[in-house]
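Peer 1: Pasting the sequence and the predicted model now:
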2 protein chains.
Amino acid sequence: MITIADVAKRAGVSKMTVSRVINDSGYISDETRARVEAAIKELGYIPNALARSLRFKQTRTIALIVTDITNPFFTTIARGVEDQASAEGFSVIFCNTDESPEEETQYVNVLLQKQVDGLLLVPTGGALEIVTFLNNHAVPFVLLDRTVPGTEADVVRSDSKQATYEGIQHLLDLGHTRIAALCGSEDITSSLDRGKGYQWAMQDAGLAEEATRRTYFTSFTVKGGYEAAQMALAETPRPTAIFATNNFIAIGAMRALREISLRVPEDISLICFDDLPDATLLDPFLTVIEQQAYDMGRQATALLLDRLNDKAPDEAQEIILPTKLIIRRSSAPPPTA
Amino acid sequence: MITIADVAKRAGVSKMTVSRVINDSGYISDETRARVEAAIKELGYIPNALARSLRFKQTRTIALIVTDITNPFFTTIARGVEDQASAEGFSVIFCNTDESPEEETQYVNVLLQKQVDGLLLVPTGGALEIVTFLNNHAVPFVLLDRTVPGTEADVVRSDSKQATYEGIQHLLDLGHTRIAALCGSEDITSSLDRGKGYQWAMQDAGLAEEATRRTYFTSFTVKGGYEAAQMALAETPRPTAIFATNNFIAIGAMRALREISLRVPEDISLICFDDLPDATLLDPFLTVIEQQAYDMGRQATALLLDRLNDKAPDEAQEIILPTKLIIRRSSAPPPTA
DNA sequence: CGCAAATGTGTTATCGTTAACACAGCTTAA
DNA sequence: TTAAGCTGTGTTAACGATAACACATTTGCG
């Protein structure tokens, strides 16, 4: 490996002088600078960021920990993070927990050892401990998509409750009363909030009891959606509409519906949280509550970097991004039968 | 920040002794070990991997550079990489070039400064220079999905040519003769190979001239597919089948078809390279040539880590993964009209 | 019993870089 | 003319960790 010492030797100057050229700091004569630059080029010298970081106590690296890298929602967030971070000269280390608090803890440990400057975290259901730990260690971090009850932390998320209210309202407006909600895990706040928004809208429509009866908790997966939908559909009378709290659950529900030959929207309506990326869709069909995933990534990163630069207020920030109800073909009035 | 010195002081031993406890190396009495461990716990000490890496000249970090993080094909690769790497105790830094050689160069530079142990690279069309650079600097790296003509390097990819031959054969078997090929960029080998496979199959069917006339180069994007499809469809007589060299091109083509109200497969057949992940599909519809993206990520990572451990042969390795033709509803015999 | 080997711990130098200080030569202004 | 300041460069110590060596003390075996 070529070090600064090699360059110094080649250029006939001290290491410090080379360092000055690299960092463009202090005084250097044009002649020396040229000699050093030539030596750098000749030797193909690449500065060692490890050594620099050790001195500066700054790695210009942040980490993004998500719970499901296969979900386009998180991929889109990742892209926002990457764009924002790299625009400010930061690298991103990517981690995937699969909703496992153990993996999450494991990753956080490794990342802290690697001295990342900060963390972006989509917390798992069991994140209380690790978030407390991060707070105690004064590690800068920003939560994404979900909060962690019992902790104070920066968070960037959508207003799931309000957005769900509007989505359910859309179904109610169409004339549905038997609406089932397929919720994600009960220890994830975004899932809970969507459940609450559903309850709230139903209650406002005088359907509180219906809502209680037709709420199903499962996981944010296709399989979970499939199973929950089966349960919902077994009920008599059958729901005329299904609200899925995320895209994967909706897809699972769709499969369950197809299996018993229920047509959407003729026999039953289906709406969900999270769009699927336009680029992967042959035919946009689902009525969805769209979140600004890309912006969520960008803003969380911007907030984190602000915090690193002491440019964010002391108190924990909460950034709530708007959502958009996109009405497509999967929602229609209930069958008149 | 708590350092090893703080722990040493607290435990009343030397830094070296603490280091021995952490690394479980050398001799330590049970009593000292207990005291050190207690001190570590009390202080919440986290070893600084930067300092360690500086000594060891090993960061246990690799980087994955892809050209389009929004494409599920690459996301799936990423997941394979992450799983394999983290199983062997490596972290992954993720980068996205958007097919830009400048971004690619930029990222490689930053990553080498950060002393990543190795690179996984989906090379852009203009990667010759950077790959040569990596070779000259003896940086371990493995190419993914594509090769770079004029260089020797490890690569893990599919046999695009053969796979395409089979896909086109499927269309020929159905009775198509006017088949258009929408290829990606001309300086990407996977795109070229797919074009060659198409030419080859057409030639074997005595349709060489057709093939030449109906080949369109564009970019691996929805927009590219849309535009190329429009050109292909403007031709008289119109093609009865379209072969898209990746998933995004297929989606773009689908939009072009829908715009002029052509039904698939009744009016025109459509097949493509790369499946879309099952989890994002409401209704698997496209006939595709599926690549083993997850395995591609895993195997490339395994090869890279082998290389890091001097367990790979000296010569450049080429791992070719099998593909699978999945026949669904988008391909059918040409209209009889 | 005596000496070699095993056990336990500390000291020094080093990884590659830069901050802080030192110093020499040259300019500038009173 | 002279001191203060600018310009250009080098030396030393430090970032946090560990390898290599040094040095006690204990153990084991003929």
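Peer 2: Received, thanks.
Peer 1: What residues does chain A have near DNA strand D?
Peer 2: Counting by C-beta under 7 Å from any atom of the strand, the residues of chain A close to DNA strand D are A:12-17, A:20, A:26-29, A:31-33, A:51, A:54-55, A:57. Using the backbone N, CA and C atoms, a C-beta is placed for each residue, glycine as well.
Peer 1: Emit the ChimeraX select command for whichever of those are buried.
Peer 2: Those of the residues of chain A next to DNA strand D that count as buried under 16 or more other C-beta atoms under 10 Å in any protein chain shown are selected in ChimeraX with:
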select /A:13,17,20,28,32,33,51,54
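Peer 1: Report the entries of the residues of chain A next to DNA strand D that also contact chain B.
Peer 2: A:Ala51, A:Leu54, A:Lys57 (C-beta under 8 Å from any C-beta of the partner chain).
Peer 1: Would you pull up the residue in the stretch 101-250 of chain A closest to DNA strand C?
Peer 2: Going by C-beta to the nearest atom of the strand, DNA strand C is nearest to A:Gln115 of the stretch 101-250 of chain A, at 12.9 Å.
Peer 1: cool, the stretch 51-200 of chain A as well?
Peer 2: A:Ala51 (3.2 Å).
Peer 1: same thing with the stretch 201-337 of chain A?
Peer 2: For the stretch 201-337 of chain A, C-beta to the nearest atom of the strand, closest residue to DNA strand C: A:Asn309, 16.7 Å.
Peer 1: I'd like the next helix or strand past the worst-scoring helix or strand of chain A on mean pLDDT.
Peer 2: None of the helices or strands of chain A scores lower by mean pLDDT, DSSP states H and E than strand A:91-96, at a mean of 90. Sequence-wise, the next helix or strand downstream of strand A:91-96 (DSSP states H and E) is helix A:101-113.
Peer 1: Could you tell me how far the residue in the stretch 101-250 of chain A that chain B sits nearest to is located from B:Ala211?
Peer 2: Of all residues in the stretch 101-250 of chain A, A:Gln113 sits closest to chain B, at 4.1 Å by C-beta to the nearest C-beta. From A:Gln113 across to B:Ala211, the span is 56 Å (C-beta to C-beta, to the nearest Å).
Peer 1: Give me the more crowded residue out of these two.
Peer 2: Ranked by neighbour count (other C-beta atoms under 10 Å in any protein chain shown), A:Gln113 and B:Ala211 place B:Ala211 first, with 20 against 17.
Peer 1: what residues are up against that one?
Peer 2: Shown in contact with B:Ala211 (C-beta atoms under 8 Å, 6 or more residues apart in numbering or on different chains): B:Ile179, B:Ala181, B:Tyr198, B:Gln199, B:Met202, B:Gln203.
Peer 1: what helix or strand is it on?
Peer 2: Going by DSSP H and E, B:Ala211 is part of helix B:208-213.
Peer 1: So for that helix, what gets flagged as buried?
Peer 2: So helix B:208-213, judged by 16+ other C-beta under 10 Å, has buried residues B:Glu210, B:Ala211.
Peer 1: what about the nearest residue to A:Tyr107 once chain neighbours are set aside, neighbour count?
Peer 2: For A:Tyr107, ignoring the flanking residues on the chain, the nearest one in space by C-beta to C-beta, 6 or more residues apart in numbering or on different chains is A:Cys95 at 4.4 Å. The tally of other residues near A:Cys95 (other C-beta under 10 Å) stands at 23.
Peer 1: Ok, A:Lys324 next?
Peer 2: The number of residues near A:Lys324, taken as other C-beta under 10 Å, comes to 12.
Peer 1: Same check on A:Asp314?
Peer 2: Neighbours around A:Asp314, by other C-beta under 10 Å: 7.
Peer 1: Quick one: classify it as helix, strand or coil.
Peer 2: coil (DSSP: H, G, I helix; E, B strand; the rest coil).
Peer 1: Return the per-residue confidence for it.
Peer 2: According to the prediction, A:Asp314 has pLDDT 93.
Peer 1: Also A:Leu281?
Peer 2: So, for A:Leu281, pLDDT stands at 73.
Peer 1: got a list of what it touches?
Peer 2: By C-beta under 8 Å, 6+ apart, the contact list for A:Leu281 reads B:Ile251.
Peer 1: Now do stretch A:150-159: distance to the chain's middle.
Peer 2: 12 Å (C-alpha atoms, centre = their mean, to the nearest Å).
Peer 1: For it, list every residue counted as buried.
Peer 2: For stretch A:150-159, a neighbour-count test (16+ other C-beta under 10 Å) marks A:Thr151, A:Ala153, A:Asp154, A:Val155, A:Val156, A:Arg157, A:Ser158, A:Asp159 as buried.
Peer 1: I'd like to know which of these are part of strands.
Peer 2: Here DSSP state E is the test, and these give A:Asp154, A:Val155, A:Val156, A:Arg157, A:Ser158 as lying in strands.
Peer 1: what's the domain layout of chain A?
Peer 2: Following automatic domain parsing, chain A resolves into domains at A:4-47, A:60-157+A:293-321, A:160-291.
Peer 1: Please tell me how far the second one is from the chain's geometric centre.
Peer 2: Meaning domain A:60-157+A:293-321. 8 Å.
Peer 1: for the longest one, same thing?
Peer 2: Put simply, domain A:160-291 sits 21 Å off its chain's centre (C-alpha atoms, centre = their mean).
Peer 1: now do the same end-to-end measure for stretch A:215-222.
Peer 2: End-to-end span of stretch A:215-222 (C-alpha to C-alpha, to the nearest Å): 17 Å.
Peer 1: Tell me the secondary structure at A:Cys272.
Peer 2: Under three-state DSSP, A:Cys272 comes out as strand.
Peer 1: wouldn't it be in contact with A:Gly252 here?
Peer 2: No. The pair A:Cys272 / A:Gly252 is not scored as a contact, 10.4 Å apart, by C-beta atoms under 8 Å.
Peer 1: What's the separation between A:Leu174 and DNA strand D?
Peer 2: To DNA strand D, A:Leu174 is 61 Å away according to C-beta to the nearest atom of the strand, to the nearest Å.
Peer 1: Counting neighbours, what do you get for A:Gln291?
Peer 2: With neighbours defined by other C-beta under 10 Å, the count for A:Gln291 comes to 27.
Peer 1: quick one on the thing from earlier: dump the buried residues of stretch A:150-159 into TSV; add pLDDT as well.
Peer 2: Output for the buried residues of stretch A:150-159, formatted as TSV (pLDDT from 0 to 100):
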residue	pLDDT
A:Thr151	95
A:Ala153	96
A:Asp154	98
A:Val155	98
A:Val156	98
A:Arg157	98
A:Ser158	97
A:Asp159	96
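Peer 1: re the thing from before, avg pLDDT for the one helix or strand the residue of the stretch 51-200 of chain A closest to DNA strand C maps to?
Peer 2: Remark: A:Ala51 resides in helix A:49-56, with elements defined by DSSP H and E. Mean per-residue pLDDT for helix A:49-56: 96.
Peer 1: Next: stretch A:186-198.
Peer 2: 96.
Peer 1: Please point out which parts of stretch A:235-255 sit buried.
Peer 2: So for stretch A:235-255, counting by 16+ other C-beta under 10 Å, buried means A:239-255.
Peer 1: can you dump the C-alpha coordinates of it into PDB?
Peer 2: Output in PDB follows, covering the C-alpha atoms of stretch A:235-255 (Å, rounded to 0.1, in the frame of the first residue of the first chain):
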ATOM      1  CA  GLU A 235     -66.900 -14.300   8.500                       C
ATOM      2  CA  THR A 236     -70.600 -14.200   7.800                       C
ATOM      3  CA  PRO A 237     -71.800 -11.900   6.500                       C
ATOM      4  CA  ARG A 238     -68.600 -11.500   4.400                       C
ATOM      5  CA  PRO A 239     -67.000  -8.100   4.300                       C
ATOM      6  CA  THR A 240     -67.600  -6.100   1.100                       C
ATOM      7  CA  ALA A 241     -64.300  -4.300   1.400                       C
ATOM      8  CA  ILE A 242     -60.800  -5.000   2.700                       C
ATOM      9  CA  PHE A 243     -58.300  -2.400   3.900                       C
ATOM     10  CA  ALA A 244     -54.800  -3.700   4.000                       C
ATOM     11  CA  THR A 245     -52.200  -1.800   6.100                       C
ATOM     12  CA  ASN A 246     -49.400  -2.300   3.600                       C
ATOM     13  CA  ASN A 247     -48.700  -3.400   0.100                       C
ATOM     14  CA  PHE A 248     -47.600  -6.900   0.800                       C
ATOM     15  CA  ILE A 249     -50.700  -7.600   2.900                       C
ATOM     16  CA  ALA A 250     -52.800  -6.400   0.000                       C
ATOM     17  CA  ILE A 251     -51.100  -8.700  -2.400                       C
ATOM     18  CA  GLY A 252     -51.600 -11.700  -0.100                       C
ATOM     19  CA  ALA A 253     -55.200 -10.600   0.300                       C
ATOM     20  CA  MET A 254     -55.600 -10.500  -3.500                       C
ATOM     21  CA  ARG A 255     -54.400 -14.000  -3.700                       C
END
